[in-house]
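Asks: This is a predicted model, with the sequence first.
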Amino acid sequence: MGILTDEEKLWRRINARFLKGSMDYGLLEEGDKVLVGLSGGKDSLALLELLGRRSRVFHPRFSVVAAHVRMTNIAYESDLGYLREMAAAWDVPLVTYDTSFDASTDSRKSPCFLCSWNRRKALFTVAQEQGCNKIALGHHMDDILQTLLMNMTFQGSFSTMPPKLVMKKFDMTLIRPLCLVAEKDLEELARIRGYRKQVKNCPYETDSHRSAMKEVFGQLEAMNPEARYSLWNCMANVQEDLLPVLQKAPDNNLKTDKER
């Protein structure tokens, strides 16, 4: 057996984490028809290839469809020719869907939330039209852990984006097959493979706390190189007997300075 190239080593590592996440959380099952949300970013392009390759394996047998949602009120130039080429390489049909949102309709929600919500709504529509039972999203391990930190910091809840979420109301399941893949590996894959970036000029990007939390996450890893694994494992290692237990009604929770 010859010596593996850096690209082959990288791909093996990414694929191994993809397979482990899929098996550990039961993401792919016999007879599934999976819709991939193909934004054109590095994460969705890698996910397209991972699912495309895996769908050619005998067990479990499943099929893949890709969907590219265009938000018409945001300056976003989709290179549809490139996306079709990438999807065709794995015999995956590509569906496009145009939608939009009005940020002034709900001042309680951030434009980023409204945009994300409408994109997700569009994916549900396409999935139902295509007869899919699952929607695969390109959130990686860093996304999930940063969301955990954001929810703890801003929402006061110990929650995040789960690898698998059954949406009973819509008869659909959301899966995140990149849940155990590190963003740095996807960035390196994009560099080696020469993924083309989609042109995006979003006027709302500065409104998000995610970039700031990404820096906090980086600081945690600087303190402890194993921080990501500690954070991930803590979600399955909740020691309730070592946490505060309310003895009074919930409305007596600790109040913030603003509430006083």
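Replies: All right, it came through fine.
Asks: what's the burial count for Leu28?
Replies: 24 (other CB atoms under 10 Å). In short, each C-beta sits where N, CA and C put it, glycine included.
Asks: nope, Leu189 is what I was after
Replies: 21.
Asks: Could I get the CA-only coordinates of whichever strand or helix holds it as CSV?
Replies: Per DSSP states H and E, Leu189 falls inside helix 183-193. Coordinates of each C-alpha in helix 183-193 appear next as CSV, following Å, rounded to 0.1, in the frame of the first residue of the first chain:
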residue,chain,number,x,y,z
GLU,A,183,-14.5,23.2,10.9
LYS,A,184,-10.7,23.4,10.4
ASP,A,185,-10.7,20.1,8.5
LEU,A,186,-13.5,21.4,6.2
GLU,A,187,-11.6,24.6,5.6
GLU,A,188,-8.5,22.7,4.6
LEU,A,189,-10.6,20.4,2.3
ALA,A,190,-12.1,23.5,0.7
ARG,A,191,-8.6,24.9,0.1
ILE,A,192,-7.2,21.7,-1.3
ARG,A,193,-10.3,21.0,-3.5
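Asks: Could you list the residues in contact with that helix?
Replies: For helix 183-193, the external contacting residues (CB atoms under 8 Å, 6 or more residues apart in numbering) are 6-7, 10-11, 13-14, 17, 42-43, 45-46, 140-143, 178, 195.
Asks: And for stretch 48-65?
Replies: Taking CB under 8 Å, 6+ apart as the rule, stretch 48-65 contacts 14-15, 18-19, 22, 28-36, 38, 66, 86-87, 89-93, 95, 130, 132, 136, 177-178.
Asks: hmm, 6 Å instead?
Replies: With contacts defined as CB atoms under 6 Å, 6 or more residues apart in numbering, stretch 48-65 is touched by 18, 28-30, 32-36, 38, 90, 92-93, 130.
Asks: Buried ones among these?
Replies: Neighbour counting by 16 or more other CB atoms under 10 Å classes 18, 28, 32, 34-36, 38, 90, 92 among these as buried.
Asks: Let me have the residues you listed in a markdown table, adding pLDDT, distance to Ala182 and secondary structure as columns.
Replies: As requested, the buried ones among the contacts of stretch 48-65 are arranged in a markdown table below (pLDDT from 0 to 100; distance: CB to CB, whole Å; DSSP: H, G, I helix; E, B strand; the rest coil):
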| residue | pLDDT | distance to Ala182 | secondary structure |
| --- | --- | --- | --- |
| Phe18 | 98 | 12 | helix |
| Leu28 | 97 | 21 | coil |
| Asp32 | 98 | 26 | coil |
| Val34 | 98 | 23 | strand |
| Leu35 | 98 | 25 | strand |
| Val36 | 98 | 20 | strand |
| Leu38 | 96 | 21 | coil |
| Trp90 | 96 | 23 | coil |
| Val92 | 97 | 25 | coil |
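Asks: mean confidence for stretch 132-151?
Replies: For stretch 132-151, the mean pLDDT works out to 97.
Asks: Over to stretch 166-186?
Replies: 94.
Asks: residue boundaries of the helices in the chain?
Replies: Using DSSP state H, the helices of the chain run over residues 6-24, 42-54, 80-88, 111-129, 141-150, 183-193, 210-223, 227-234.
Asks: Need the contacts of stretch 48-65 in JSON lines (columns: distance to Arg70).
Replies: JSON lines is the format used below for the contacts of stretch 48-65 (distance: CB to CB, whole Å):
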{"residue": "Phe18", "distance to Arg70": "27"}
{"residue": "Leu28", "distance to Arg70": "28"}
{"residue": "Glu29", "distance to Arg70": "30"}
{"residue": "Glu30", "distance to Arg70": "33"}
{"residue": "Asp32", "distance to Arg70": "26"}
{"residue": "Lys33", "distance to Arg70": "23"}
{"residue": "Val34", "distance to Arg70": "21"}
{"residue": "Leu35", "distance to Arg70": "16"}
{"residue": "Val36", "distance to Arg70": "16"}
{"residue": "Leu38", "distance to Arg70": "11"}
{"residue": "Trp90", "distance to Arg70": "22"}
{"residue": "Val92", "distance to Arg70": "18"}
{"residue": "Pro93", "distance to Arg70": "17"}
{"residue": "Gln130", "distance to Arg70": "17"}
